[in-house]
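Colleague: Sequence and predicted structure below; questions after.
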Amino acid sequence: VQLQASGGGTVHTGDSLRLSCVGSRRTIKYYNMGWFRQAPGKEREFVASVWSNMYTYYEDSVKGRFTISRDNDKNTLSLLMNNLQPEDTARYYCAAGSAVSNDPSRYDYWGLGTQVTVSS
């Protein structure tokens, strides 16, 4: 499956953004889907995931602020980010995998990412 993320941008503290990730060449229906992010000089980290059984998981710092969702009919993954903070600044990647894990190394397919910058 090929993934294309979009929706990033530059916003101020407290603003919201919605990221989208569209899959092509194959349905995402049977994959566990996740959002990950990587800031300069840091390792890629888990943000949120929604598995094929629709269970959702969130990294602690984004709980209550971010909401992940998927629409299998539209082959789309979304991430609604509210109350953005400067520490959320990173490049955000969507990914698909078959393993039951939130470890980025267990995900098989990755998009190129979309940049989110939050200014204070």
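Modeller: Okay, I see it. Numbers count the residues shown, from 1 in each chain.
Colleague: Taking the centroid of the protein, which residue is nearest it?
Modeller: The residue lying closest to the centre of the chain (CA atoms, centre = their mean) is W35, at 2.2 Å.
Colleague: Now do the contacts for that residue.
Modeller: Counting by CB atoms under 8 Å, 6 or more residues apart in numbering, W35 touches 19, 21, 47-49, 68, 77, 79, 92-95. Bear in mind the C-beta positions are built from the backbone N, C-alpha and C, glycine included.
Colleague: ok, and the closest non-adjacent residue to it?
Modeller: Of all residues not flanking W35 in the chain, V47 sits nearest, at 4.4 Å (CB to CB, 6 or more residues apart in numbering).
Colleague: you'd agree that neighbour is in a helix?
Modeller: No: using DSSP: H, G, I helix; E, B strand; the rest coil, the assignment for V47 is strand, not a helix.
Colleague: Count the residues that sit near it.
Modeller: Neighbours of V47 under the rule other CB atoms under 10 Å: 26.
Colleague: Next: the one 5 residues further on.
Modeller: For S52, the neighbour count with other CB under 10 Å is 16.
Colleague: Tell me the confidence at it?
Modeller: On the pLDDT scale, S52 is placed at 94.
Colleague: per-residue confidence for V100?
Modeller: At V100, the model reports a pLDDT of 85.
Colleague: With D15 instead?
Modeller: pLDDT, D15: 98.
Colleague: Before I go, just wanted to say thanks for your time.
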